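Q: Sequence isn't available, so here's the structure alone:
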């Protein structure tokens with residue numbers, strides 16, 4: 001298995017890496033079946049945005065009140081989390097209308 005990760009072949013030893021696309025390919029296609037980190041991050045951000053917009057929990061109400069008002073996001077409030085979450089929230093809100 002280690003040889004495959006480094007060279008792309010089980011029989012060949014070496015220190016050459018394979019492409020991330022090949023590592024993410026299914027096992028049937030000759031890859032490792034690893035999920036794409038980029039796609040997983042987008043899915044988690046979408047899920048979090050959905051929770052922020054729809055959950056009636058008090059903590060999510062605070063987040064909505066602080067960052068979301070009248071269907072327009074507040075861009076002037078600095079936040080490391082909202083910067084990544086904002087595009088997903090806007091997309092979800094736009095598709096729900």
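A: The structure has been received and is ready for your questions. Keep in mind the model is a prediction, meaning the values are calculated, not measured. Numbering: from 1, shown residues only.
Q: Residue 48 is in contact with residue 82, isn't it?
A: No: with contact defined as CB atoms under 8 Å, residue 48 does not reach residue 82; the gap is 10.6 Å. (Each C-beta comes from the backbone N, C-alpha and C, glycine too.)
Q: element containing the residue nearest to residue 63 when sequence neighbours are not counted, please.
A: Nearest residue to residue 63 in three dimensions, chain neighbours excluded: residue 52, at 5.2 Å (CB to CB, 6 or more residues apart in numbering). Assigned by DSSP states H and E, residue 52 falls within helix 37-54.
Q: got a list of contacts for that helix?
A: Identification of contacts with helix 37-54 by CB atoms under 8 Å, 6 or more residues apart in numbering yields 60, 63-64, 67-68, 84-85, 88-89, 91-93.
Q: can you tell me which residues contact residue 64?
A: 52-53.
Q: And it, what's its pLDDT?
A: For residue 64, the pLDDT comes out at 74.
Q: and it, what element?
A: Using DSSP H and E, residue 64 falls in helix 58-67.
Q: just how off-centre is that helix within its chain?
A: Centroid separation for helix 58-67 versus its chain: 22 Å, with CA atoms, centre = their mean, to the nearest Å.
Q: If I take it and helix 37-54, what angle do their directions form?
A: Using axes from the mean of the first three to the mean of the last three CA atoms, to 10 degrees, the inter-axis angle of helix 58-67 relative to helix 37-54 is 90 degrees.
Q: Show me what counts as buried in helix 58-67.
A: 63, 67 (16 or more other CB atoms under 10 Å).
Q: separation between residue 91 and residue 65?
A: From residue 91 across to residue 65, the span is 21 Å (CB to CB, to the nearest Å).
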